[in-house]
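In: The sequence and its predicted three-dimensional model are supplied below.
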Amino acid sequence: MKNNDSYNKSINRLEEIVRLLESGECPLEDAMELFKESIDLINNCDKKLKSAKQMIVELSDYDRNEEN
């Protein structure tokens, strides 16, 4: 569950960053830092999704091999 918690925290933070950036009230330098943080969060989420997808593929292959 730890990966799921981390994923959810990343998504929640991304949503917060979007709200901050869309408000238009962030100074440019702060907006750039938030943008950089969002890129890191997106990459982190992407890795977690790819890992989950790989696990599903492996489990699906295992189930098919067990049936034969």
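Out: Ah, there it is. Predicted, not measured: the structure shown is a model, and the values here were computed from it.

In: what about residue 31, distance to residue 54?
Out: To residue 54, residue 31 is 35 Å away according to C-beta to C-beta, to the nearest Å. Placement of C-beta: from N, CA and C, glycine included.

In: So for the two, which residue has more residues nearby?
Out: Between residue 31 and residue 54, counted using other C-beta atoms under 10 Å, residue 31 has the larger neighbour count: 15 against 10.

In: what's the longest helix in this protein?
Out: Looking across the chain with DSSP state H, the single longest helix is helix 28-67.

In: Could you pull out the buried residues of that helix?
Out: Neighbour counts over helix 28-67 (16 or more other C-beta atoms under 10 Å) mark 34, 38, 41, 44, 45 as buried.

In: so what's the second one closest to, chain neighbours aside?
Out: Once flanking residues are discounted, residue 38 sits nearest to residue 17: 4.9 Å by C-beta to C-beta, 6 or more residues apart in numbering.

In: for the first one, same thing?
Out: Spatially, and ignoring its direct neighbours in sequence, residue 34 is nearest to residue 17 (5.0 Å; C-beta to C-beta, 6+ apart).

In: Need the pLDDT of the one you found.
Out: If you check residue 17, the pLDDT there is 98.

In: and it, what does it touch?
Out: With contact set as C-beta atoms under 8 Å, 6 or more residues apart in numbering, residue 17 has these partners: 34, 35, 37, 38, 41.

In: Quickly find the element holding it.
Out: Using DSSP states H and E, residue 17 sits in helix 2-23.
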